[in-house]
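> pasting the structure only:
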């Protein structure tokens, strides 16, 4: 097939349209044709088309290997991406759980602080009430003591004015008897 197309190309060449003998060394078209045929023959003799084909085949094999490697790398990248996306989702869920837990703990701590504050206020109120009651009792006691001392002083004054020497002696004797009875 190649030879037939080469023969047809030679027949349709512009050299056939020229005047004069074609197969003469004086015709430059013929000389160029001979040089070209010699070049093509040399290429065929040195098996250049086979080498070119082998080189192209090797290049095709290398490209195919590169494409296969690229596909494998792409698949590996997809799996790594899926792994990282899954891990990112897990980390996000864990972060959400931590935030929720922290929020719950903060709410619990706030509720506990409110309860502690109420208990502290109640304790302080009770302590203040106790202090007030104690102060009232101390004031009442002090007033009573003052009233007793005023009453004793008043009674002493009244008795001193009403008492005679005879009544004082009798009163002292009665007091000594009472003390003696109580001691035995």
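Nice, I can see it. Predicted model only: the values in this text are computed from it and were never measured.
> Could you point out which residue ranges in this protein have low pLDDT?
1-20 (pLDDT under 70).
> any idea how far residue 128 is from residue 135?
10 Å (CB to CB, to the nearest Å). Any C-beta I mention is one placed from the backbone N, CA and C, and that applies to glycine too.
> Hmm, I typed the wrong one, I wanted residue 25.
Look at residue 25 and residue 135: by CB to CB, they are 147 Å apart.
> Same check on residue 37?
137 Å.
> before we move on, what about residue 144?
Residue 144 is 15 Å from residue 135, where distance means CB to CB.
> Please apply the same query to residue 109.
From residue 109 across to residue 135, the span is 38 Å (CB to CB).
> The spatially most central residue of the chain sits in which helix or strand?
Using CA atoms, centre = their mean, the residue of the chain that lies closest to the mean C-alpha position is residue 95, 5.2 Å off. Using DSSP states H and E, residue 95 maps to helix 48-162.
> So which bits of whatever helix or strand comes next after that helix are buried?
Heading C-terminal from helix 48-162, the first helix or strand you meet, by DSSP H and E, is helix 165-183. For helix 165-183, burial by neighbour count (16 or more other CB atoms under 10 Å) applies to no residue.
> Check the offset of helix 165-183 from the chain's centre.
Centre-to-centre, helix 165-183 and its host chain are 95 Å apart (CA atoms, centre = their mean, to the nearest Å).
> Equivalent analysis for stretch 126-140, please.
Counting by CA atoms, centre = their mean, stretch 126-140 is centred 55 Å from the centre of its parent chain.
> who touches it?
Applying CB atoms under 8 Å, 6 or more residues apart in numbering, stretch 126-140 has no contact partners.
> relative to its centroid, which residue of this structure is most remote?
What lies farthest from the middle of the chain is residue 166; by CA atoms, centre = their mean that is 103.3 Å.
> what's the offset of stretch 49-66 from the middle of its chain?
54 Å.
> List the contacts of that stretch.
residue 43.
> Cool, thanks, signing off.
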